[in-house]
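1. Okay, sequence plus prediction incoming.
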Amino acid sequence: MLTIEQLTTELESDAGLVRAVDALDLAIARGETFALVGESGCGKSMTALSILRLLPDSGRVVAGRIDVDGTDITQLPEARMRDVRGRRISMIFQEPSTSLNPVMTIGDQVTEPYLLQNGYSKTEALNQAKKMFDYVGVPVTFLNRYAFELSGGMRQRTALAMALITMPNLIILDEPTSALDVLTQANIFNILKKLKQELKISYILITHDIATSSELADTVAVMYAGQIVEVNNAISFFIEPLHPYSVKLMDSVPRLRGKKEPDFIVGQPPSLINPPSGCRFKDRCPKQFDKCHLEPPIIKQNSHMVKCWLYQ
């Protein structure tokens with residue numbers, strides 16, 4: 001339902017032009033959860049904002065296609081793009097309190113997309129909001145409350161109800177549980193699993209937390225320095241990651257069993273203003289060799305995709 005080809009996004013900064021997303025390819029099927037993982041600053045959120053054309057004033061998509069059900073939305077005028085946002089694709093941002101208006105009741109906010117997108121009456125929109133609240137586990141009596149009267153978990157559920165009310169095909173989840181305690185995280189993921197099973201919704205799950213992605217993902221894509229370096233089905237990825245960066249990410253996760261200590265990745269990600277030649281991970285990679293410094297790796301693709309000279 002979503003295909004991205006060679007997506008390239010640039011941001012203007014005082015230090016120079018930042019290539020936040022660099023020739024990115026991905027494809028998402030209906031009912032699939034596609035996890036996009038990697039360190040902070042690797043371009044995950046910029047990918048999401050590029051898809052919805054919600055980039056800051058300093059950012060722009062300079063190349064590539066974003067096909068939603070066969071339509072390249074990069075070419076749509078803004079008026080038609082508003083039909084894509086909310087109706088076909090919704091997004092839940094990292095901190096729900098930043099996307100909830102403190103002077104509007106949550107009932108008014110949740111019904112607003114439904115009123116604007118579908119043209120229904122206020123009564124019909126409220127009935128739909130009650131249905132969504134029931135789905136996500138928010139009491140209907142909360143419709144008249146304000147965002148500051150809710151806990152973090154309830155605000156996240158409200159944001160999910162607002163994303164769901166127009167019944168989109170795809171929801172982008174940007175670190176949906178990063179600010180929540182472990183028990184609330186588990187409850188939110190149980191809700192997402194239920195919605196996926198019952199409504200056949202697709203998700204893009206953006207996270208730097210490998211353990212979080214394992215809860216929901218069907219496919220895992222690893223992003224580093226603006227580029228995707230590995231795509232694999234979730235079962236294979238969590239058993240045997242391929243790219244050295246993916247291996248290091250997995251080794252950084254604490255284990256409940258065994259005596260192996262969590263590992264870490266030395267150094268810092270490269271600058272996206274002036275990225276290095278060759279492999280972008282080479283200076284932090286324990287398996288680097290001469291060719292890694294000379295040429296960018298070629299993508300090897302069969303049942304999985306990996307961008308590393310070790311597999312050529």
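-> Nice, thanks for sending it over.

2. What is the least confident helix or strand in this structure?
-> strand 299-301 (a mean of 76; mean pLDDT, DSSP states H and E).

3. which other helices and strands contact it?
-> Using 3 or more C-beta pairs under 8 Å, 6 or more residues apart in numbering; DSSP states H and E, the elements in contact with strand 299-301 are strand 305-307. For glycine as for every other residue, the C-beta is placed from the backbone atoms N, C-alpha and C.

4. what's the strand it packs on packed up against?
-> strand 227-233, strand 299-301.

5. Touching the longest one from outside, list them.
-> The set of residues that contact strand 227-233 without belonging to it, under C-beta atoms under 8 Å, 6 or more residues apart in numbering, is 22-26, 43, 218-223, 237, 241-243, 245-246, 280-281, 303-308.

6. Mind giving me the ChimeraX command for buried ones among the residues you listed?
-> Buried members of the contacts of strand 227-233, defined by 16 or more other C-beta atoms under 10 Å, are picked up in ChimeraX with:
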select :22,24,25,26,43,218,219,220,221,222,223,237,241,242,243,245,246,280,281,304,305,306,307,308
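
7. OK, contacts around Lys44?
-> Here Lys44 is in contact with 36-38, 174, 206-208, 223 (C-beta under 8 Å, 6+ apart).

8. Considering the residues you listed, which possesses the most neighbours?
-> Highest neighbour count within the contacts of Lys44, by other C-beta atoms under 10 Å: Leu36, with 29 neighbours.

9. Surely it is within a strand?
-> Yes - assigned with DSSP: H, G, I helix; E, B strand; the rest coil, Leu36 falls within a strand.

10. so it sits right up against Ala221, yeah?
-> Yes - counting by C-beta atoms under 8 Å, Ala221 is a contact partner of Leu36 at 5.2 Å.

11. Got the phi and psi for Ala310?
-> Quick fix: residue 310 reads Leu, not Ala. The phi and psi values for Leu310, taken as degrees, to the nearest 10, are phi -60, psi -20.

12. count of residues packed around it?
-> Neighbours of Leu310 (other C-beta under 10 Å): 16.

13. Check what pLDDT it gets.
-> According to the prediction, Leu310 has pLDDT 88.

14. Backbone dihedrals for the nearest residue to it once chain neighbours are set aside, both of them.
-> Nearest non-adjacent residue to Leu310, counting by C-beta to C-beta, 6 or more residues apart in numbering: Lys287, 6.2 Å away. Per-residue torsions, Lys287: phi -110, psi 20 (degrees, to the nearest 10).

15. mind checking pLDDT for Lys287?
-> 90.

16. number of nearby residues for Met104?
-> 13.

17. Next, the contact list for it, please.
-> Per C-beta under 8 Å, 6+ apart, neighbours of Met104: Tyr146.

18. thinking again about what came up before, least confident of the helices and strands packed on strand 305-307, on average?
-> Among these, strand 299-301 scores lowest, with a mean of 76.

19. Work out the sheet partners of that strand and label each with its direction, please.
-> strand 305-307 (antiparallel) (DSSP bridges).

20. okay, the helices and strands packed on strand 305-307 in CSV with mean neighbour count next?
-> Rendered in CSV, the data for the helices and strands packed on strand 305-307 read as follows (neighbours: other C-beta atoms under 10 Å):
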stretch, mean neighbour count
strand 227-233, 23
strand 299-301, 14
